[in-house]
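Colleague: Below: sequence and its predicted model.
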Amino acid sequence: MYGAECIAMILAGGQGSRLGALTRNIAKPAVSFGGKYRIIDFTLSNCTHSGISTVGVLTQYRPFELNTYIGNGSPWDLDRSRGGVHILPPYQKSGEGEWYCGTANAVYQNIGFIERFSPGYVLILSGDHIYKMHYGKMLEFHKGTGTVGTIGVLRVPVAEASRFGIMETDTSSRITAFWEKPKEPKGNLASMGVYIFEWQVLREYLMLDALDPASQNDFGKNIIPRMLSAGEKLSAYTFDGYWRDVGTPESLWEANMDLLAMPPRFDLYDADWPILRRAENLPPHFVGANARVLDSILAEGCRMYGTAEKSVLSMDTTVLEGATVSHSVLLPGAVVGQGARVENAILGRGARVSRSAQIRPQKDGEIAVVESETP
Amino acid sequence: MQNAMGLLLTNAGGGLRELCAERTGASLPVCGHYRLIDFALSAMANSAITNVAVLTGKQCASLFSYLGAGEAWDLRRQTGGLHILPPQGVGAAFYTDDVRTLSESIPYLAKSRQRLVVLARANTVCNVNFSRAIAFHKEKEADVTVLCHAGRTNPSRHFVLEADREGRVEKMALDPHHAEGRFFGMGMYILSKSLLIDLLAGAKEAGVCGSLEELFLHYRGSLRIYVHTEEGRVWTVDSPRAYFEMHMGLLDEKIQSTLFRGKEEIFTRAGQYAPTRYGEAAEVHHSIVADGCMLEGRAENCIFSGGVHLGKNAHLKNCIVMEKTYIDADCRAENVIFDKNCLMRAGRHLAGTPSYPLVVRKGAII
């Protein structure tokens, strides 16, 4: 069987429940971003450009659209005869089958898959972050540390630190302390949810963790703390690029707005690191005779007859005559009726704003959310 | 699955002049992010015709890399699928002469299993499904069925036919002085594979060469030829003016909708551009825009392909701008077709007229 030095396991099973109405019907990694992409495109493109060609995608919540979207992996050059992308849903074993009940449990249940490739290293990734990263560089760094695992980290604003795994390191990047979502964080060096482990060591800890009925089978809450208390040496690899966990409608809106800054805070137009995606076969977008489009991004298939400013209009959206969209994000297929006004909002997939409606947040500083209508 | 295979001719003839100076007709970019060949290929795919041979001539390198193995049109198959047939013979005549080009396909035809051939030029823009025409061809026991349009769209009066109430052809003429006939050929034909091989072999023996239409004209006495009308919009792209007029016509949203948003899709190979960005002072109206553009200036009635840059205060009217062309600040252009990778330096002005659009060659610096 084909062996790979490092294989990637992408955790794409969660609902992303904080996205609320926007993920009622699809898994979070399948949610649209940047007009024409899906959140998982970033992780998949990162794998391809980093030379990682064996990728397991762990799906669970409403996976149909995500699975169909990934398909055989050809848009990301992951349709390979050796390795390639594999969708890994929970499955029945003889006697029993279980759902994935934690991030570590999902990987534990797929030890058989990983073993087929006898990798030296396993890269654990999440399918719901927006960032460009060369995992090969992190792997080289990890090899140089001589530790059993390396955690990708970045500095976050102190006010948000309690949402992340926070750690402390010494001068040689060795992790000295780790707290998962601490109520009172002692630092702001946060885990990105990107981990590289020596496979044999990870395998051992996954098996140990599976035997512990009190464990929540989670990397951040259980595996990493267990490794540290057993005296295993872990390192931190600092990432200093743009990174967003677009886990709430507000953060999804903000990250889309970041694309409109001049220069954009996150560059989708990087010829050295194109974001690959499965194409939808839509015609080019059309701007009507009386339309006005300023400071905005329009994706293919969009039909623009009204006004847009400082907004992101995704694929196949429609803004009818007399309607205005400002400081807003329209997810694919959304329609804004004649004369309507949409401000500081995010419209879900297929959402419909009726003629002359006014959509704006209830309070300053908030974002209005209009639910998806696509089943 | 149809008992029919497809055969595409990619040479669009000399009429396209500068637009095909460095490419074969089938590769010509259309409507932002399509290529001319997408329409015929999509028609094949939508008609469940999965064995499609593409006859190529000169300057087909970009066509080869565009077609790949036919994945974009679902024509990458174990059985049948897309087959590119480059020219095997020698001599310039092989590149422009339909009859001799088609003779190249005989070995491939002979080993294909399908009984019928749908023969099409790749320079027809339309959204058709051949199923009805194939059923008609069988019902009438026709030798050759000529797909025609009703002449509502572009006035290509190249092949004009008259037929009786049953559709049986009474008269055919090429580029006639007075167009005597109600039917206008679309450059698409249905005939049996064995008949096509016979006609080509007969032509070789008799020293007949030239266009496909000339071949049918030569043999008309011994063939049951029928016309079948396709209802939708059809454009034959055979000159810069026809190309320009078609695009100006495509700016009508209803026409875009029938062509691109019907039950049958027009498949194309997708590019890798990020979505288009409009600047703070952009004033773009009544235009079709592909991905990857940066639009900071003014445009009306324009079609932009991927990766085009329109500088601040530049003003384009009735222009077609192909991939990665850079129009710098303060430029003016009207009735111009810009090929790919052109650079128009700041403050320059260019104008053509609707009947004589100006064509700027690939890579030109103005």
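Modeller: Good, I have the coordinates. Numbering: from 1, shown residues only, chains lettered A, B, ... in the order given.
Colleague: from here on, contacts and neighbour counts on C-alpha atoms
Modeller: Will do.
Colleague: ok, now how distant is residue B:121 from chain A?
Modeller: Summarising the geometry, the distance separating residue B:121 from chain A, computed by C-alpha to the nearest C-alpha, to the nearest Å, is 23 Å.
Colleague: Next, count neighbours for the spatially closest residue to that residue that is not a sequence neighbour.
Modeller: Ranked by C-alpha to C-alpha, 6 or more residues apart in numbering or on different chains and with sequence neighbours excluded, the top spatial neighbour of residue B:121 is residue B:9, at 4.7 Å. Number of residues near residue B:9 (other C-alpha atoms under 10 Å in any protein chain shown) recorded here: 23.
Colleague: okay but residue B:9 is in contact with residue B:56, surely?
Modeller: Yes - applying C-alpha atoms under 8 Å, one finds residue B:9 in contact with residue B:56, separated by 7.0 Å.
Colleague: Output the below-cut-off pLDDT ranges for the chain.
Modeller: I went with chain A, as the question did not name one. Scanning chain A for pLDDT under 70 picks out the ranges A:1-2, A:94, A:96, A:374-375.
Colleague: actually it's chain B I care about, not the one you picked
Modeller: Scanning chain B residue by residue, the ranges that satisfy pLDDT under 70 are B:1, B:89-95, B:151-157, B:179.
Colleague: hmm, back to that, for the residue nearest to residue B:121, what are its contacts?
Modeller: By C-alpha atoms under 8 Å, 6 or more residues apart in numbering or on different chains, residue B:9 lies in contact with B:54, B:55, B:56, B:98, B:119, B:120, B:121, B:122.
Colleague: correct me, but residue B:116 touches residue B:7?
Modeller: No - distance between residue B:116 and residue B:7: 10.4 Å, which falls outside the contact criterion (C-alpha under 8 Å).
Colleague: So between the two, which is more surrounded?
Modeller: The residue with more neighbours, out of residue B:116 and residue B:7 and counting by other C-alpha under 10 Å, is residue B:7; that gives 29 against 22.
Colleague: Distance-wise, check that one relative to residue B:208.
Modeller: In this structure, residue B:7 and residue B:208 are separated by 21 Å, where distance is defined by C-alpha to C-alpha, to the nearest Å.
Colleague: List the contacts of the residue most central in space within chain A.
Modeller: With the centre of chain A defined as its mean C-alpha position, the nearest residue by C-alpha atoms, centre = their mean is residue A:128, 1.6 Å away. Contacts for residue A:128 (C-alpha under 8 Å, 6+ apart) come out as A:12, A:28, A:29, A:39, A:40, A:245, A:246, A:247.
Colleague: Among those, which ones are in helices?
Modeller: Assignment to helices by DSSP state H places the following of the contacts of residue A:128 there: A:39, A:40.
Colleague: Which one (most neighbours) among the contacts of residue A:128?
Modeller: Neighbour counts for the contacts of residue A:128 peak at residue A:28, which has 30 neighbours (criterion: other C-alpha under 10 Å).
Colleague: near chain B, which residues of chain A?
Modeller: When proximity is defined by C-alpha under 8 Å from any C-alpha of the partner chain, chain A lies next to chain B at A:34-36, A:268-269, A:274-276, A:279, A:281-300.
Colleague: quick one: residue A:183 and residue A:165 touch, right?
Modeller: No - distance between residue A:183 and residue A:165: 10.8 Å, which falls outside the contact criterion (C-alpha under 8 Å).
Colleague: More neighbours: these two, which one.
Modeller: Counting neighbours by other C-alpha under 10 Å for residue A:183 and for residue A:165 shows that residue A:165 has the greater number, 21 against 10.
Colleague: Apart from its chain neighbours, what residue comes closest to the more buried one?
Modeller: Of all residues not flanking residue A:165 in the chain, residue A:180 sits nearest, at 4.1 Å (C-alpha to C-alpha, 6+ apart).
Colleague: And that neighbour, its phi and psi?
Modeller: Dihedral angles of residue A:180 (phi, psi; degrees, to the nearest 10) stand at phi -90, psi 120.
Colleague: OK, contacts around the residue nearest to the spatial centre of chain B?
Modeller: Residue closest to the mean C-alpha point of chain B, counted by C-alpha atoms, centre = their mean, is residue B:123 at 2.1 Å. Going by C-alpha under 8 Å, 6+ apart, residue B:123 touches B:10, B:12, B:25, B:26, B:36, B:37, B:40, B:236, B:237, B:238.
Colleague: Same question for residue A:31.
Modeller: Residues touching residue A:31, when contacts are defined by C-alpha under 8 Å, 6+ apart, comprise A:22, A:23, A:38, A:39.
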